[in-house]
Structures are given as C-alpha cells and as structure tokens.
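1. Based on what follows, work out the 3D shape:
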Amino acid sequence: MKRLHAALTCFLEGLICISFLSLFAMVILLVGLRYIFNSSVSGANEIITILFIYTTAIGSAIAVGQRSHISINIFEEKLSQKSAKYLAKLQLTLVGLINLIIAWFSITWISQTGNNLMPTLGATRSVVQFSIPLGCGLAALYCITSAIVGLDKKKERDQIQASSNFNSRDQEHSK
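-> Numbering: from 1, shown residues only. Down below sits the predicted model:
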C-alpha cells in the first residue's frame with residue numbers, strides 16, 4: 001500500500017508540474033501574441049481554464065492525502081499519540097466519506113448538465129465537470145491509503161519543522 005500511495009503521489013505531482021508548465025507557456029504565448037502581434041489563439045482561454053480546474057482538483061486531493069490542508073491541531077496536540085492517531089483516522093474517514101458523497105452526486109449533475117457545449121471550443125461541459133468526481137475520488141483514495149499507510153510521518157514532520165523554526169528563532173535572537 002505504501003508503494004501505491006507513493007507512486008500515485010509521484011504521478012499526480014508530475015502531472016501537476018506538466019499542467020503548470022503548460023499554463024505558464026500558454027499564458028506567455030497569449031500575452032506575446034496579443035501585445036506584439038495583436039492576435040490570439042481561438043479557445044486558448046478555455047483550455048487555460050480547464051487546465052487550472054484540473055490542476056486544482058488534483059492538487060487538493062494530494063493535499064488531503066498528505067494532510068497538509070488547513071487544520072486546527074489544538075485538540076489533537078493535547079491527546080496521547082494513540083488517541084491522536086484514532087482522531088486522525090476518524091478525520092480521514094469523514095473527509096473520505098464527504099468526498100465520495102460529492103463525487104456520487106456530481107456524476108448525476110454531470111449527466112443532466114454535461115451535454116451543454118462550451119462557446120469557443122465546442123466541447124461538452126462534461127469535460128470540465130469531470131474534474132469534480134476525479135478530484136473527489138482521488139481525495140477519497142488518498143484518505144484510504146493514508147489511513148492504511150499510517151500517519152506517523154505527518155506528526156514527525158511537524159515536530160522536525162517546529163524544532164527547526166525554534167532553532168532559527170534562537171539564532172536570530174542571539175545576533
């Protein structure tokens with residue numbers, strides 16, 4: 001399961017990097033065409049929007065899997081390590097369940113509204129709307145793999161980061 005989790009993360013992070021590079025190149029190309037040649041590429045703005053939406057959906061799934069989303073850990077820090085692990089697994093279960101519910105209902109929504117065409121590209125809106133069940137499905141998968149793989153890495157990483165922040169503050173005050 002650790003290999004699946006690591007391989008999935010590596011693949012999706014690579015995909016996000018390619019998306020960001022594509023977004024950057026297309027924006028530079030469009031700006032250059034517009035201000036230098038006074039022209040544009042038909043449909044490029046819609047492609048940029050679609051890439052941005054998919055990048056956000058995949059990135060949010062990775063954030064859920066790495067537990068790097070916004071959270072308040074005051075209660076968790078006061079618990080024993082064993083209780084904190086159970087709480088973290090409960091959180092992952094609830095987040096995974098919410099994502100599965102959203103993915104389920106979004107499929108019904110896509111079947112009803114996905115046949116409408118986008119104005120410039122002429123593709124169906126389901127191309128864009130599919131990002132919701134994809135992102136939610138990946139987030140649910142990450143919740144499952146994170147619960148199985150274990151959550152010790154997150155806590156150790158936080159402790160290392162906190163000690164490095166503390167050491168850097170000590171060095172600044174000693175100057």
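
2. what about the chain, any weak spots by pLDDT?
-> Scanning the chain with the threshold set as pLDDT under 70 gives 69-72, 151-175.

3. Identify the single longest helix in the protein, thanks.
-> Among the segments of the chain that qualify as a helix by DSSP state H, the longest is helix 2-36.

4. Give the other helices and strands that the very next helix or strand once past that one contacts.
-> On the C-terminal side of helix 2-36, the closest following helix or strand by DSSP states H and E is helix 44-65. In this structure, helix 44-65 makes packing contacts with helix 2-36, helix 126-129, helix 131-149, judged by 3 or more CB pairs under 8 Å, 6 or more residues apart in numbering; DSSP states H and E. Glycine gets a C-beta too; all of them are placed from N, C-alpha and C.

5. Next, the angle from the longest one to helix 44-65.
-> Translated: helix 2-36. Note on geometry: by axes from the mean of the first three to the mean of the last three CA atoms, to 10 degrees, helix 2-36 and helix 44-65 are set 150 degrees apart in direction.

6. can you pull the buried residues of helix 2-36?
-> For helix 2-36, burial by neighbour count (16 or more other CB atoms under 10 Å) applies to 5, 8-9, 12, 16, 19, 23, 26, 30.

7. and what of stretch 86-93?
-> Buried positions in stretch 86-93, judged by neighbour count with 16+ other CB under 10 Å: 88-89, 91-92.

8. Any chance you could list what contacts it?
-> Stretch 86-93 is touched from outside by 67, 75-76, 79, 143-144, 146-147, 151, 154, with contacts defined as CB atoms under 8 Å, 6 or more residues apart in numbering.

9. hang on, the earlier thing: turn the helices and strands packed on helix 44-65 into CSV, including distance to Ala103.
-> Formatted as CSV, the entries for those read as follows, by distance: least, CB to CB, whole Å:
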stretch, distance to Ala103
helix 2-36, 16
helix 126-129, 12
helix 131-149, 4
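
10. what about those, which gets the closest to Ser60?
-> Each of those was scored for nearness to Ser60 using CB to CB, and the closest is helix 131-149 (5.9 Å).
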